[in-house]
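>>> Test case, fold it:
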Amino acid sequence: MNWYVFYSKHQNNKQLLEVLNKQDDLDAFIPKVEKWFKCSGFSDYQLMDMYPGYIFIRSLLNEEEFKSKYMKLFESVGRLGELLEQDRFISLSESDGEIMSWLFHNQGVITHSIGQYNGDDLMIMEGPLCGFESKIKKINRHKRIAKVDYALLGMNMLLPLEVINSKGSVY
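Predicted structure coming up:
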């Protein structure tokens, strides 16, 4: 699976998303992440755009096939945004694609993970951060997020992580 990223100049991406998803060999989505909200009488995870203004596209087409088939489409919507390119490569690297597939579980949403400290070691018990314990650099327990040592689109990833204590309650 190849991953491509489209940057939209406008915040209204719904029409563009519909056009992309009408194509037979494209799966376009706006990446979402669960974010913890707590205010008087309300506390729950809510879905938020992970990278506002960006549309991620998954396709079985390699870069050459993708460019030849869809370049005219992207040129026609050029006033709305642009396909991101690094040098001449426009797809995410294979390793980035694998990590994104793992984190998103092919659903377009990164759900929260649940972890627990075993002495000084953090152990992720469930969620997409399982196996990424060594990549977690900082945890904000109040906001229930983890800063992960992995950058995508030039930004470090902040992913939802709930840390519970040995009695089963959140710290």
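>>> the helices in this protein, which residues?
Assigned by DSSP state H, the helices in the chain fall at 14-21, 63-76, 94-104.
>>> ok, and for the second one, which residues are buried?
Looking back up the chat, that one is helix 63-76. Residues of helix 63-76 classed as buried: 66-67, 70, 74 (neighbour count, 16 or more other C-beta atoms under 10 Å). Glycine gets a C-beta too; all of them are placed from N, C-alpha and C.
>>> ok, now the first one?
By neighbour count, with 16+ other C-beta under 10 Å as the criterion, the buried positions of helix 14-21 are 16-17, 20.
>>> domain assignment for this protein?
Domains of the chain are assigned by automatic domain parsing as 1-104, 112-171.
>>> possible to save those domains as JSON lines with mean pLDDT?
Compiled in JSON lines, these are given as follows (pLDDT from 0 to 100):
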{"stretch": "domain 1-104", "mean pLDDT": "83"}
{"stretch": "domain 112-171", "mean pLDDT": "85"}
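>>> where along this protein do the strands fall?
Ranges of strands in the chain, per DSSP state E, are 2-8, 27-29, 32-39, 42-49, 54-59, 81-83, 109-110, 113-118, 121-126, 136-140, 145-152, 155-164.
>>> among those strands, which is nearest G97?
G97 lies closest to strand 2-8 among the strands of the chain, at 4.5 Å (C-beta to C-beta).
>>> counting contacts, what elements does the closest one pack onto?
Contact analysis of strand 2-8 by 3 or more C-beta pairs under 8 Å, 6 or more residues apart in numbering; DSSP states H and E lists helix 14-21, strand 54-59, helix 63-76, strand 81-83, helix 94-104 as its packing neighbours.
>>> Is it possible to get CSV of the strands of the chain that adds distance to M100?
CSV is the format used below for those (distance: least, C-beta to C-beta, whole Å):
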stretch, distance to M100
strand 2-8, 6
strand 27-29, 11
strand 32-39, 12
strand 42-49, 15
strand 54-59, 8
strand 81-83, 17
strand 109-110, 9
strand 113-118, 16
strand 121-126, 18
strand 136-140, 17
strand 145-152, 7
strand 155-164, 10
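>>> Okay then, goodbye and thanks.
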